[in-house]
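Peer 1: Could you look at this predicted model? Sequence included:
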Amino acid sequence: MSPTRPSISSSAQLRRAGRARQQASDAPDPAFATTLAHGLKVMEAFRPGDDALSNGELAARSKLSRPTVSRLTSTLVRLGYLKRDAAARYKLGTRVLGIAYPLLAGLKIRQLARPLMREFAAAAGGTVSLAMPIGLQFIYVETMRTTDATAHVPEIGFSSALAPTAVGRALLSLYSETEFKAYEDEMNATQAEQWALLRPATLAAITDCRTRGYCVSLGEWRAEIYGVAAPLFRTADGDCLAVNCGIPSFRFSREEVEHEFGPRMLGLAQSIRTLAGNA
């Protein structure tokens, strides 16, 4: 007996129901504060090295309309999150630091790890940092160095891409399968060509972190810097932490970085986990 076919009227009802479901899925979340999200986009538009930005520049970076940006910058200036100069251009205000400090102060591992990080930095002649992921990037929450021998000297708050860096790959090694798929989907949607080039080395480094406890990036991010990194752990809030060292490429060979400083980085990571009670 053949299945009963829906009538024309029932088919129309099914189409209407489908459209209703689609419209419901496309409807904005009533709990989502769009204006707040736009204001945060404006503040995120500032980059290291920026002097001051106009409303037009902020609109281009945030992909918001100039009238919207104008209203937001006016509000943010009144609240102290932005400063406006005589040329009607904007800089981040010091109140932004007040938001970040409670987060940094709550990461007790920063204080615990500093002596160990300083010792490693002295041996490598580089910079040792703790990093956390933020979207497709990582951000340094602590950094220690004993030399300014390289042109690139990162500070707390410095951020860069996850995929081409040792520390980024160490952080990705802590991701669950679901989290990594979401990361890949976003990379394919926004940086497909770059991700296609970086994916093999990234996956290999993730495997290294999960098998031997560390990975290296030998000039892939910046030609003058060799990176070695190790995953640490996830915080009580579920955030990932990793430690890395950026070593000037003229100091040591690739083999020395991988086979000498790699195992030493693993030891540093183990010591930090012990201090944090995550051994």
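Peer 2: Sure thing, it's come through.

Peer 1: isn't residue 273 right next to residue 232, touching?
Peer 2: Yes: checked against C-beta atoms under 8 Å, the pair residue 273 and residue 232 is within contact range at 6.1 Å. C-betas here are computed from N, CA, C, even on glycine.

Peer 1: of those two, who's got more company?
Peer 2: A direct count of neighbours by other C-beta atoms under 10 Å for residue 273 and residue 232 places residue 232 higher, at 25 against 19.

Peer 1: That one should be in a helix, yeah?
Peer 2: No: counting by DSSP: H, G, I helix; E, B strand; the rest coil, residue 232 is located in no helix; its state is strand.

Peer 1: For it, give its distance to residue 267.
Peer 2: Separation of residue 232 from residue 267 (C-beta to C-beta, to the nearest Å) stands at 13 Å.

Peer 1: low pLDDT regions in this protein?
Peer 2: Counting by pLDDT under 70, the chain has low-confidence residues at 1-28, 147-153, 278-279.

Peer 1: which residues in it form strands?
Peer 2: Counting by DSSP state E, the chain has these strands, from start to end: 82-84, 90-92, 127-134, 137-145, 159-161, 215-218, 225-234, 240-248.

Peer 1: I'd like to know which elements the last one is packed against.
Peer 2: Read it as strand 240-248. With contacts taken as 3 or more C-beta pairs under 8 Å, 6 or more residues apart in numbering; DSSP states H and E, strand 240-248 sits against helix 109-124, strand 127-134, helix 166-172, strand 225-234, helix 262-276.

Peer 1: closest to residue 51 out of these?
Peer 2: strand 127-134 (23.9 Å; C-beta to C-beta).

Peer 1: same for that closest one, what does it pack against?
Peer 2: Partner elements for strand 127-134 (3+ C-beta pairs under 8 Å, 6+ apart): helix 109-124, strand 137-145, helix 166-172, strand 240-248.
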